[in-house]
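[1] Take a look and give me a structure for this.
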Amino acid sequence: MKSMLAVAVLTFAATMPLLHPAPIVNGPYSVSVTIRPTTSANPYQLLAAQTPPPHTCTVEITDLGKHETLRGPVVVLTPGEHESKTRFISGYDIKLNASLSLNAQRAWWDVTMRRNGDVVVSQKSDMELRVTRSER
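    Numbering: from 1, shown residues only. Next up, the predicted model:
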């Protein structure tokens, strides 16, 4: 009788969600990184500039299942330098590492979003930048 009770208690305990919490299911995620010159000059003024202006790098991560967007860190990149910033929001920490080449024609970045220390989403990119031109 005692062994039957022990088996019943163990079976019940194994199925209790309090003892074995269900994993948090989120995602899939969409990561959007934008890099733009910080100046308000038009593209023709940017072409004539001798020194490339600083660029602003922004991150947005969208949970496609929940249709929620988290705005990540924003950094200002000076040509030839590297910046890193972390933002904590809604239980996540979003880290951005970004660099801009000396001539501001190439940018590198990686974004990592973690929850409770576990990586939820990660993206690394290497992008060639150029000034857009309007043609008629």
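[2] For the protein, just list every one of the strands.
    Under the criterion DSSP state E, the chain carries strands at the ranges 29-37, 55-63, 68-77, 82-89, 92-100, 106-115, 118-128.
[3] Dump those into TSV; add mean pLDDT and mean neighbour count as well.
    Using the backbone N, CA and C atoms, a C-beta is placed for each residue, glycine as well. As requested, these are arranged in TSV below (pLDDT from 0 to 100; neighbours: other Cβ atoms under 10 Å):
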stretch	mean pLDDT	mean neighbour count
strand 29-37	92	15
strand 55-63	94	19
strand 68-77	94	17
strand 82-89	95	14
strand 92-100	96	20
strand 106-115	95	18
strand 118-128	93	12
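[4] residues contacting Ala98?
    Ala98 sits next to 35, 57, 75, 77, 82-84, 107-109 when contact means Cβ atoms under 8 Å, 6 or more residues apart in numbering.
[5] for the residues you listed, which one is nearest Gly117?
    Taking Cβ to Cβ as the measure, Ser84 is the one of these closest to Gly117, at 18.3 Å.
[6] what pairs with the nearest residue to Ala98 once chain neighbours are set aside across the strands?
    Distances taken as Cβ to Cβ, 6 or more residues apart in numbering place Trp109 nearest to Ala98, at 4.1 Å, with adjacent residues excluded. Here Trp109 shows beta-bridge partners Ala98, Ser125, assigned using DSSP bridges.
[7] Trp109 contacts Lys124, doesn't it?
    Yes: counting by Cβ atoms under 8 Å, Trp109 touches Lys124, with 7.4 Å between them.
[8] sorry, back to before: relative to Thr51, how far out is the residue nearest to Ala98?
    With the distance defined as Cβ to Cβ, to the nearest Å, Trp109 ends up 22 Å from Thr51.
[9] Equivalent analysis for Val75, please.
    When Cβ to Cβ is the yardstick, Val75 and Thr51 sit 19 Å from each other.
[10] circling back: ok, so of the contacts of Ala98, who is nearest Leu100?
    Leu77 (4.0 Å).
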